[in-house]
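# The following block contains a protein sequence and its predicted model.
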Amino acid sequence: MTLASRRPLVAGNWKMHTTLEEALALASTVAGRCRTVTEVEVALAPPFPWLVPLAERLEGSGIALGAQNCSQFERGAFTGEVAAFMLTPFCRYVIVGHSERRALFGEDDAVVAAKLIRVVEHGMTAILCVGERLEEREAGRTLEVIERQLSRACQDLPAHRLGQLVVAYEPVWAIGTGRPATPQDAQEVAAFVRTWLGRRFDEGASRALRILYGGSVTAGNAGTFFAERDIDGALVGGASLDAEQFCGIVEAARVAVTRRTKEA
Ligand code: PGA
């Protein structure tokens, strides 16, 4: 299975940015420009309070919503937390294990694993972020780190839920730095992820799974990642706040998938 049979996903992670007015305007612009792009799935992950107004604004647009995080707990006395089941009415996706959550909020692999289960049990798809730090790459430990993160995050995932998983390879040193990985390095990790999931779960399901690259993706470099055979889209931070840039990335995915379809 190639990119031709996996519908690419371009997801914007807005992080802790945008006022309500900015969020509505950005979503409307993206929806307007992406209206005719059926070959690519587009998702926006705004801050929590904007999910409900954006769900209304995007109704009928084909653009999916994602949450940037959720609680590892099912429900209860957890002040300040948002449970997965509360997101189900609005979200198709939930990002789990983003490196900012791991580094700044102390989320370890066990927490990431628990969140992943909550997301899939409540009918959504988890965008699981994995990625090595710079010193780990320099020490030649990239694949070892990816394998550890994957195996721990997926430790309780039943095989029949693999269709509710998207993996985003996001090298920590490439996030928000303007210094992306090379497409070849990203492809190497993406291929490793696909093979590993195929062995651990099911080969057919792992061939159908989408693997994204994230880390300083722009409209200018996106096409070089999407030309790689195991990269099925992007998780976009900074550039997702600029409609021109973000829609340029969506367009690059459309061009790549159209080319693959012709070649197939
Ligand atoms: P960036 O962020 O595109 O700004 O590098 C990516 C991410 O954090 O998902």
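Nice, thanks for sending it over.

# Could you check the pLDDT of whichever residue of the stretch 1-150 of the chain sits closest to the ligand?
With Cβ to the nearest ligand atom as the measure, Asn13 is the residue of the stretch 1-150 of the chain nearest to the ligand, at 4.4 Å. (C-beta placed from N, C-alpha, C; glycine too.) According to the model's per-residue confidence, Asn13 sits at a pLDDT of 98.

# can you pull up the bridge partners for it?
Going by DSSP bridges, Asn13 is paired in beta bridges with Ala45.

# For it, list the residues it contacts.
Contacts for Asn13 (Cβ atoms under 8 Å, 6 or more residues apart in numbering) come out as 45, 66, 68, 95, 98, 214, 235-237, 240.

# out of those residues, which touch the ligand?
Intersecting the contacts of Asn13 with the contacts of the ligand gives 214, 235-237 (criterion: Cβ under 6 Å from any ligand atom).

# export the residues you listed to TSV and tack on pLDDT?
As requested, the ones next to the ligand among the contacts of Asn13 are arranged in TSV below (pLDDT from 0 to 100):
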residue	pLDDT
Gly214	98
Leu235	98
Val236	98
Gly237	98
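
# nearest to the ligand, of the residues you listed?
Using Cβ to the nearest ligand atom, Gly237 is the member of the ones next to the ligand among the contacts of Asn13 that lies nearest the ligand, at 2.2 Å.

# Quick check: buried residues in stretch 188-195?
For stretch 188-195, the buried set under the neighbour-count rule, 16 or more other Cβ atoms under 10 Å, comprises 188-190, 192-194.

# Now do the same for the nearest residue to Pro183 once chain neighbours are set aside: its pLDDT.
In space, and not counting its chain neighbours, Pro183 is closest to Thr224: 4.5 Å by Cβ to Cβ, 6 or more residues apart in numbering. As predicted, Thr224 sits at a pLDDT of 98.

# what about Val111, is that helix, strand or coil?
With DSSP: H, G, I helix; E, B strand; the rest coil as the basis, Val111 sits in helix.

# give the contact list for the closest residue in space to it that isn't next to it in sequence.
Nearest residue to Val111, sequence neighbours excluded (Cβ to Cβ, 6+ apart): Gln72, at 5.2 Å. Contacts for Gln72 were tallied using Cβ under 8 Å, 6+ apart; they are 111, 114-115, 118.

# from those, which are also near the ligand?
Restricting the contacts of Gln72 to contacts with the ligand (Cβ under 6 Å from any ligand atom) yields no residues.

# Now for the residues you listed, which sits with the most neighbours around it?
Lys115 (25 neighbours; other Cβ atoms under 10 Å).

# Helix, strand, or coil at that one?
Criterion first, three-state DSSP; result for Lys115: helix.
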